[in-house]
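Student: structure, please.
(2 chains)
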Amino acid sequence: MTVTASQRAVRPAATGVRASGPSTRQRRSRAGLAARVVVAVVVSVIMAFPLWVMLVTALSGQSVFSTQLDLLPTNITLANFARVFSAWPVGQWFSNSVTVTALTTIISVVVSVMAGYGFAKLRFPAKTPLFLLLLSTMMIPTQAILVPQFRLVNALGLVGTFWAVIIPGAAATFGIFLARQFMIGIPTELIEAAKIDGAGPVRIFASIVLPLSKPLLAVLTLLSLMYQWNDFLWPLIVLRDPSLYTLPIGLQFLQGQYQTDYGALMAMTLITVGPLVVLFLVFQRWFVQGFATSGIR
Amino acid sequence: MSQAAALAAGQDVGTGTAPAGRAPHRRGRSLWEPSALIFVGPSVLLALAFLILPMIGSFYYSTQKVSPLSGDTTPLGLENYRTMFADPTFLRALVNTAAFTLITVPLSMGLGLALAVLMNSVLPARKVWRTVIYLPLVISGVSVGLIGTFLYNEVIGVVDKVLVALGASSGIPWQSNGFWSFTSVVLVTLWIRVGFSMIIYLAALQAVPGDLYEASALDGANGWQRFRYMTVPMVGPATFFLIIMNVIYSFQVFDTIFVLTNGGPGTSTEMLGTWAYKVAFGPTRNQGYGAAIGVVIFALTLIFTIVQWRANRTRDEVA
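Tutor: Numbering: from 1, shown residues only, chains lettered A, B, ... in the order given. Next comes the predicted model:
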């Protein structure tokens, strides 16, 4: 993994060279280019196909039971959405998802960034063992801790409230490593200088470290938003009351209600994936950076 | 585990396995900063309460009989583990998970590398293709599974309609046949996982100096030789990282399969992750046994990571 650091350093040089290509064999390279474009188009069509089908089905008034293949929306309508919204508290589920996702994200980003700073810049006993302990928790599969976690959350009286999702959700440790990695890069001299000027630890963190950590905050926030918005297994266990459902739980519940009424189901799917798709299209660079450095997903 | 984390661990394990406690001796206690408690404390408390103690708890509950209603426990010794190895569904889930891992990990990484090479070459509208391939990464497993049930539906499904339109005599029994059901799970998983391998490989490829390729081209190496003897070794660290991340994902796979096939037909797509949930929180609510399956998933993850880590260290030392 030590390559990661050098990758960054080398990247500009690599980009410069890539464009030049094999200049002496232009005809062969033109055929190669055409072949590559064809492959790229075919792969992209396959990758986009499931989402396209979802979109068309959600917006189409056509009966999905017809035997012919309709891959273009014939008569666009919002009837599917109206049907789902009038029968189920979809608006409530949406706002539940927003509440849970926002609160979990805020708490986990704050906790991760603080811990990352501590592990990167502060001196305290047992620092390395503690860090390794937190690191090792990333290997714990959700299914391996369901039973004790449920008993704990139950004993705390949280089952049936959003806190049952939010507090364990904020314990996700991946952010700590991203934060530590980033903050090691903040010059220690800056912090020392502020100390000499008489700034306390909280002041240093708030007025020096945080302003320098905007890219980190962006990546952490987006990853956490995605993770919480999509989270399914744990909320499935602790959010039993339909009025508390988040969108993924509601979606899975409607699968049982609508069976093969895919107009309704795809409309609901579109509501669930829509916000994240928009977020991804706007902030793709940050998402990709987050995936590449954290391995989350 | 993350790339950053793996990097950090590589360094820290290095110093940690050397004479223990070297760092504290060098630094001395006088330099300990009390504010660290405020900064690091919350994260350590959260991890202890909701990850580490529950993991220890799982070992404990796996040796208990947990009453489905009251939650009271009675000691059972290793009875839950005996039940496990006599449980045909568990054994099937174990085999399925192994097969799922052995199929999806190499395929998603191979395709990811091929696409990364493609996207690293001269190509118009590169950003558009890249965005399309990455997009499934942000879509929730439940949504993916639900879209899958529509695509692979045997009566009204789009995939079979396309196959028939392309000239097939009849559709494929994606839902009623175990083999095809498993295939649909693999295909859906490739759809959402390929972009991840591609991201990691693309970052690694962009670190390979371009003049290296030019030099080898002048030396007469053809495209395949350059790929086999230059690209593949150069992306070695990325491969190591991806194997660990992808295998961990496959061991724990849940959302997509729960919604797409729910383990069926029969038990043909049951996985350790789905079976652990059903045992502990399904109608039987056998939480002691469920915890035992959880412990097995954890143990498999741990063993695999350690083996892979050691293999990688040895390889680095040899090289």
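
Student: tell me which residue is most central in the chain.
Tutor: Since no chain was named, I'll use chain A. Most central in chain A under Cα atoms, centre = their mean is residue A:226, positioned 2.5 Å from the mean C-alpha point.

Student: nope, chain B
Tutor: residue B:249 (1.6 Å).

Student: for that residue, what are its contacts?
Tutor: With contact taken as Cβ atoms under 8 Å, 6 or more residues apart in numbering or on different chains, residue B:249 is in contact with residue B:193. C-betas here are computed from N, CA, C, even on glycine.

Student: circling back to that earlier point, the residue nearest to the centre of chain A: what secondary structure?
Tutor: Following DSSP: H, G, I helix; E, B strand; the rest coil, the label given to residue A:226 is helix.

Student: which strand or helix spans residue A:160?
Tutor: For residue A:160, there is no helix or strand it lies in under DSSP states H and E.

Student: phi, psi for residue B:176 please.
Tutor: Dihedral angles of residue B:176 (phi, psi; degrees, to the nearest 10) stand at phi -100, psi -10.

Student: is it in contact with residue B:155, as I believe?
Tutor: No - Residue B:176 is beyond contact range of residue B:155, at 10.7 Å (criterion: Cβ atoms under 8 Å).

Student: so where's the chain shaky on pLDDT?
Tutor: Answering for chain A, as no chain was given. For chain A, the stretches with pLDDT under 70 are A:1-26, A:62-69, A:295-297.

Student: my bad, the chain I had in mind was chain B
Tutor: When residues are selected by pLDDT under 70, those of chain B lie in B:1-30, B:316-319.

Student: contacts only, for residue 133.
Tutor: Using chain A here. Shown in contact with residue A:133 (Cβ under 8 Å, 6+ apart): B:47, B:52.

Student: hmm, I had chain B in mind actually
Tutor: A:43-44, A:47, B:115, B:194-195, B:198.

Student: recalculate using a threshold of 10 Å.
Tutor: Contact analysis of residue B:133 by Cβ atoms under 10 Å, 6 or more residues apart in numbering or on different chains lists A:40, A:43-44, A:46-48, B:111-112, B:115-116, B:118-119, B:191, B:194-195, B:198-199.

Student: right, is stretch A:30-44 up against chain B?
Tutor: Yes - for stretch A:30-44, a contact with chain B is found by Cβ under 10 Å from any Cβ of the partner chain, at A:32-33, A:35-37, A:39-41, A:43-44.

Student: filter the residues you listed to the buried ones?
Tutor: Among those, the ones that count as buried by 16 or more other Cβ atoms under 10 Å in any protein chain shown are A:32-33, A:36, A:40, A:43-44.

Student: mind putting those in CSV, secondary structure included?
Tutor: Converted to CSV, these look like this (three-state DSSP):
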residue, secondary structure
A:32, helix
A:33, helix
A:36, helix
A:40, helix
A:43, helix
A:44, helix
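
Student: SS state for the closest residue to residue B:76 other than its chain neighbours?
Tutor: Nearest non-adjacent residue to residue B:76, counting by Cβ to Cβ, 6 or more residues apart in numbering or on different chains: residue B:65, 4.8 Å away. For residue B:65, the assignment made with three-state DSSP gives strand.

Student: turn the buried ones among the contacts of residue B:133 into a named ChimeraX selection, would you?
Tutor: Buried residues within the contacts of residue B:133, by 16+ other Cβ under 10 Å, are selected in ChimeraX with:
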select /A:40,43,44,47,48 /B:111,112,115,116,118,119,191,194,195,198,199
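
Student: which residue does the stretch 51-200 of chain A bring closest to chain B?
Tutor: As assessed by Cβ to the nearest Cβ, chain B sits closest to residue A:148 within the stretch 51-200 of chain A, at 3.0 Å.

Student: residues near that residue, how many?
Tutor: 22 (other Cβ atoms under 10 Å in any protein chain shown).

Student: ok, it - contacts?
Tutor: B:50, B:53-61, B:287, B:291, B:294.

Student: of those, which are in range of chain A?
Tutor: Within the contacts of residue A:148, those near chain A by Cβ under 10 Å from any Cβ are B:50, B:53-61, B:287, B:291, B:294.

Student: buried members of those residues into PyMOL, please.
Tutor: In PyMOL, a selection of the buried entries from these looks like this (16+ other Cβ under 10 Å):
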select buried, chain B and resi 50+54+55+57+58+61+287+291+294
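
Student: and the two most separated of the ones next to chain A among the contacts of residue A:148?
Tutor: B:50 and B:287 (17.6 Å; Cβ to Cβ).

Student: from residue A:223, how far off is residue A:217?
Tutor: According to Cβ to Cβ, to the nearest Å, residue A:217 stands 11 Å off from residue A:223.

Student: more crowded one of those two?
Tutor: Between residue A:217 and residue A:223, counted using other Cβ under 10 Å, the more crowded position is residue A:223 (26 against 16).

Student: pretty sure that one is in a helix, no?
Tutor: Yes - assessed with three-state DSSP, residue A:223 lies in a helix.

Student: residue A:83 and residue A:61, how far apart?
Tutor: Counting by Cβ to Cβ - residue A:83 and residue A:61 are separated by 11 Å.

Student: in the strand or helix carrying residue A:105, what counts as buried?
Tutor: Applying DSSP H and E as the criterion places residue A:105 in helix A:90-121. Neighbour-count burial for helix A:90-121, counted by 16+ other Cβ under 10 Å, picks out A:90, A:93-94, A:96-97, A:100-101, A:103-105, A:107-121.

Student: what about chain B: which of those touch it?
Tutor: Residues of these in contact with chain B (Cβ under 10 Å from any Cβ): A:107-108, A:110-121.

Student: give me the number of residues near residue A:125?
Tutor: Applying other Cβ under 10 Å, we find 12 residues neighbouring residue A:125.

Student: quick one, helices of the stretch 151-297 of chain A?
Tutor: A:163-169, A:174-184, A:188-196, A:201-204, A:210-212, A:214-230, A:233-238, A:247-258, A:262-282, A:284-294 (DSSP state H, counting those that start in this stretch).

Student: deepest-packed of those helices, please.
Tutor: Stretch with highest mean neighbour count among those: helix A:174-184 (a mean of 25; mean count of other Cβ atoms under 10 Å in any protein chain shown).

Student: can you tell if that helix touches chain B?
Tutor: Yes - Helix A:174-184 reaches chain B (Cβ under 10 Å from any Cβ) through A:174-182, A:184.

Student: what's the angle between that helix and helix A:284-294?
Tutor: Orientation of helix A:174-184 against helix A:284-294 (axes from the mean of the first three to the mean of the last three Cα atoms, to 10 degrees) gives an angle of 100 degrees.

Student: send me helix A:174-184 as PDB with only the CA atoms.
Tutor: The C-alpha coordinates for helix A:174-184 follow below in PDB (Å, rounded to 0.1, in the frame of the first residue of the first chain):
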ATOM      1  CA  PHE A 174     -13.600   4.200   8.700                       C
ATOM      2  CA  GLY A 175     -13.800   8.000   9.000                       C
ATOM      3  CA  ILE A 176     -11.100   8.000  11.800                       C
ATOM      4  CA  PHE A 177      -8.500   6.600   9.400                       C
ATOM      5  CA  LEU A 178      -9.300   9.000   6.600                       C
ATOM      6  CA  ALA A 179      -9.100  11.900   9.100                       C
ATOM      7  CA  ARG A 180      -5.900  10.700  10.700                       C
ATOM      8  CA  GLN A 181      -4.300  10.200   7.300                       C
ATOM      9  CA  PHE A 182      -5.300  13.600   6.100                       C
ATOM     10  CA  MET A 183      -4.300  15.400   9.300                       C
ATOM     11  CA  ILE A 184      -0.800  13.900   9.400                       C
END
